[in-house]
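Engineer: Curious how this folds, go ahead:
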Amino acid sequence: MARMHIRRKGKSCSKHPLVTENPEWVPLSATEIEDLIVKMAKDGITSAKIGLNLRDQYGVPNVKLATGKTVTDIMKEKGVMSALPEDLSNLMRRAIALNVHLKNNRGDISNKRGLQLIEAKIRRLERYYKKNGVLPADWKYSLSTAELMLK
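Structural biologist: Residues are numbered from 1 along each chain as shown. The predicted structure is shown next:
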């Protein structure tokens, strides 16, 4: 099945190799990995980029196999998790950047449509996170509050 707002197919049937334990060649112990995650999170790096940095720079192929917990679980446990979910904040950053672009380029109709699609995704995520108790019930998205929250 195709994606909703982009003309690409999904990643159906892509599977990781079946590995159930941490490889012995991983250079870092579980506590060292957790300390690195906390240090990077305090620097403002998102959990996805933390995983990439650990893989590319420190040679940790899978944080969950090495520590028994995911990057976000470790961040929650240590108290360095951001208030907003990562996917919602990334979409809000994209909406802010597109809004700045549209202020300078008023005739850019295709990007105006893109902003509408991004804001629709934000509102769907907002509804989902309110239903699951991640966001407070009175939280409301608007571009002006998004700029204040993320800057």
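
Engineer: Phi and psi next, for the residue nearest to Y58 when sequence neighbours are not counted.
Structural biologist: Closest residue to Y58 apart from its sequence neighbours, by Cβ to Cβ, 6 or more residues apart in numbering: L28 at 6.1 Å. C-beta coordinates here come from the backbone N, C-alpha and C atoms, glycine included. L28 adopts backbone torsions of phi -110, psi 150, taken as degrees, to the nearest 10.

Engineer: please renumber so the chain begins at 259
Structural biologist: Will do, 259 is the new start, and the previous item becomes L286.

Engineer: can you pull the pLDDT of L286?
Structural biologist: In this model, L286 is scored at 94, pLDDT.

Engineer: State the number of residues packed around it.
Structural biologist: 16 (other Cβ atoms under 10 Å).

Engineer: Low-confidence regions, the chain specifically.
Structural biologist: 259-261, 265-272 (pLDDT under 70).

Engineer: Nearest residue to the middle of it?
Structural biologist: Closest to where the C-alpha atoms of the chain average out (Cα atoms, centre = their mean) is E344, at 3.5 Å.

Engineer: State the distance from that one to T330.
Structural biologist: 8 Å (Cβ to Cβ, to the nearest Å).

Engineer: now T278
Structural biologist: 21 Å.

Engineer: Skipping adjacent residues, who's closest to A299 in space?
Structural biologist: V338 (4.1 Å).
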